[in-house]
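In: Have a look at this prediction, sequence included:
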Amino acid sequence: MKTESKKNLVGAWAFLIGIVLALVIGLFSNYFVAMTQEIILGTLLFLGLAVGFFNITNKESSKFLLVSIALVIASYIGYSVMAIIPQISNVLNALLVLLIPAIIIVALRSLFEIAKN
């Protein structure tokens, strides 16, 4: 039981840090050197993987996939529409970098769970 709670804590922190980094890179991307942006985006990708592996249980996967896919669609459309305000567009793009790996991991785990049953 304690390991499950530790896994959830790791995933929760990864998600929170990812959201904060997405906001920071989006709002202040003009001030970062390209290499720094790549490091932060790589960190977001890693945090997205951590969220997918550690934070979402099989019981929560359907709800997570539904909500996160809606957010990804809204972020993608918003990224295109909000191109006139680069900071908002960058935040939405960074959210995509965080959420897409988490969605892929949770979706694959759900598929394996379905295949087992």
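Out: Received it, and whenever you're ready, just let me know what you need.

In: Would you mind giving both backbone torsions of residue 56?
Out: Backbone torsions of residue 56, given as degrees, to the nearest 10, read phi -110, psi 120.

In: Can you report how many residues lie near the spatially closest residue to residue 51 that is not a sequence neighbour?
Out: Of all residues not flanking residue 51 in the chain, residue 102 sits nearest, at 4.2 Å (C-beta to C-beta, 6 or more residues apart in numbering). The way it works is simple: take the backbone N, C-alpha and C, and place the C-beta from them, glycine included. By other C-beta atoms under 10 Å, the residues close to residue 102 number 27.

In: which other helices and strands contact the strand or helix carrying residue 102?
Out: Assessed by DSSP states H and E, residue 102 sits inside helix 86-116. Packing contacts for helix 86-116, counted by 3 or more C-beta pairs under 8 Å, 6 or more residues apart in numbering; DSSP states H and E, involve helix 2-28, helix 34-50, helix 61-81.

In: export those to CSV and tack on mean pLDDT, distance to residue 89 and mean neighbour count?
Out: What follows is those, written out as CSV (pLDDT from 0 to 100; distance: least, C-beta to C-beta, whole Å; neighbours: other C-beta atoms under 10 Å):
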stretch, mean pLDDT, distance to residue 89, mean neighbour count
helix 2-28, 78, 8, 15
helix 34-50, 84, 14, 16
helix 61-81, 88, 5, 14
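
In: Alright, that wraps it up for me.
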